[in-house]
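[1] fold the following for me, if possible:
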Amino acid sequence: MSAFVEGIRERAAALQRRIVFPEGDDQRTIQAVAELVRGAVVRPTVLGPLDPVREALAAAGLADDAVTVLDPTCDDRSDRFAEMLYQRRRDRGLARAEAAEMVREPLMFGALLVRSGEADGSVAGAAHTTASVLRAAILGVGTAPGIKVVSSSFYMVVPPFRGERTEVLTFTDGAVVPNPDAAQLADIAVAAADARRRIVGDEPCVAFLSYSTRGSAEGPTVDLVRDATARFRERMPDVPADGELQVDAAVIEAISRSKAPESPVQGRANVLVYPDLDAGNIAYKLVQRLAHAEAIGPILQGLDRPCNDLSRGAKWEDIFNVACITALLA
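    Model (predicted):
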């Protein structure tokens with residue numbers, strides 16, 4: 001286990017956040033919840049049919065009162081949540097009857113627990129698609145003030161490459177927004193910088209990546225990255241940021257001095273903003289496989305309150321770690 005993972009677990013335990021797990025019928029989720037309880041890391045709520053979920057938790061070694069279990073199909077919050085959802089979405093054509101049906105779904109019920117303040121965050125996706133998790137989060141929770149697009153980051157724990165210490169780099173976006181425009185790319189960077197402060201606990205240094213460094217090439221995507229960088233600087237003037245930068249100029253000081261000597265990033269970037277989803281997804285998988293980096297995520301960002309997605313191939317340890325990060329974001 002990396003020092004970064006150990007750190008997020010310790011910091012999450014100090015907060016004792018209430019995290020909801022809508023997938024009570026998934027055995028990996030049950031095992032993760034059991035380990036979270038045994039470690040006193042978060043206070044879990046598990047959604048699903050009451051008796052089967054309680055039996056699964058008992059089989060995992062938990063006492064009856066160790067975890068709150070709720071069934072969205074018969075919970076007394078349903079009417080209140082349906083009205084909450086209707087009021088949020090009626091201008092978009094949502095009918096009351098449709099809202100009443102939607103809140104019976106665990107993903108939506110979990111998102112509304114977060115929206116209402118009865119949970120601090122949600123973790124799902126082991127048994128649902130990213131699209132389903134995102135839909136519930138956007139409809140139930142909505143985006144943070146000033147943010148119009150929900151995106152994601154991977155937190156890459158990489159071997160030493162510009163010093164003697166292991167580092168954590170933020171790769172964004174690698175899972176959600178296929179072809180962001182300049183405004184969306186700036187949104188993605190703002191959300192990633194804000195999330196990094198809470199998750200990693202250091203100050204962000206942001207590089208908007210391209211095949212060009214400071215005018216070495218031209219093209220539509222270069223213009224997009226330049227525009228996004230300018231928008232980001234207006235919104236977060238206190239954060240060192242530059243673009244367009246090739247990745248070597250973004251992360252290696254000697255190359256930055258050669259290619260972009262006046263860059264405020266100076267080869268110290270820890271938030272790498274990719275111009276599109278192809279680049280972000282390919283990059284994180286390459287670094288994970290070739291550099292043997294630990295990839296934690298995708299972690300959703302840009303939501304008003306945290307609702308995080310999981311890979312359907314997630315192990316219980318992945319669910320555990322994402323729950324810890326969700327606690328830090330709450």
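[2] C-alpha only now, for contacts and for neighbours.
    Noted.
[3] please save the CA atoms from stretch 233-243 in CSV.
    This file holds the C-alpha atoms of stretch 233-243, laid out as CSV (Å, rounded to 0.1, in the frame of the first residue of the first chain):
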residue,chain,number,x,y,z
ARG,A,233,-6.3,31.9,-15.0
GLU,A,234,-9.2,34.3,-14.8
ARG,A,235,-11.1,32.0,-12.4
MET,A,236,-8.1,30.7,-10.3
PRO,A,237,-5.4,33.5,-10.5
ASP,A,238,-3.7,32.2,-7.4
VAL,A,239,-2.9,28.8,-9.0
PRO,A,240,0.2,28.4,-11.1
ALA,A,241,-1.0,27.4,-14.6
ASP,A,242,0.2,27.3,-18.1
GLY,A,243,-0.8,26.1,-21.6
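[4] show me what counts as buried in it.
    Applying a neighbour-count criterion of 16 or more other CA atoms under 10 Å, one finds 233, 239-243 buried in stretch 233-243.
[5] what is the nearest of those residues to Gly110?
    Among the buried residues of stretch 233-243, Val239 lies closest to Gly110 (CA to CA), at 34.0 Å.
[6] how far away is the closest one from Arg90?
    As judged by CA to CA, to the nearest Å, Val239 and Arg90 stand 38 Å apart.
[7] try Thr172
    32 Å.
[8] settle it for me: which of these two has more neighbours?
    Ranked by neighbour count (other CA atoms under 10 Å), Thr172 and Arg90 place Thr172 first, with 35 against 13.
[9] ok now the longest helix anywhere in the chain, how far from the chain's centre?
    Looking across the chain with DSSP state H, the single longest helix is helix 182-199. Distance of helix 182-199 from the chain centroid (CA atoms, centre = their mean, to the nearest Å) equals 11 Å.
[10] put the alpha carbons of it into CSV.
    Only the C-alpha atoms of helix 182-199 are listed here, as CSV (Å, rounded to 0.1, in the frame of the first residue of the first chain):
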residue,chain,number,x,y,z
ALA,A,182,-12.6,25.6,-24.0
ALA,A,183,-15.2,26.5,-21.3
GLN,A,184,-15.6,22.9,-20.3
LEU,A,185,-11.9,22.3,-20.2
ALA,A,186,-11.5,25.2,-17.9
ASP,A,187,-14.3,23.8,-15.7
ILE,A,188,-12.5,20.5,-15.6
ALA,A,189,-9.3,22.1,-14.5
VAL,A,190,-11.0,24.2,-11.8
ALA,A,191,-12.7,21.2,-10.4
ALA,A,192,-9.5,19.1,-10.5
ALA,A,193,-7.5,21.8,-8.7
ASP,A,194,-10.1,22.2,-6.0
ALA,A,195,-10.4,18.4,-5.5
ARG,A,196,-6.6,18.0,-5.3
ARG,A,197,-6.4,20.4,-2.4
ARG,A,198,-8.9,18.3,-0.5
ILE,A,199,-7.7,14.8,-1.6
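[11] flag every buried residue along it.
    If you call a residue buried by 16+ other CA under 10 Å, then helix 182-199 has these buried ones: 182-196, 199.
[12] returning to what we had before: okay, the buried residues of stretch 233-243 in a markdown table with secondary structure and pLDDT next?
    Below are the buried residues of stretch 233-243 laid out as a markdown table (DSSP: H, G, I helix; E, B strand; the rest coil; pLDDT from 0 to 100):
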| residue | secondary structure | pLDDT |
| --- | --- | --- |
| Arg233 | helix | 97 |
| Val239 | coil | 97 |
| Pro240 | coil | 97 |
| Ala241 | strand | 98 |
| Asp242 | strand | 97 |
| Gly243 | strand | 93 |
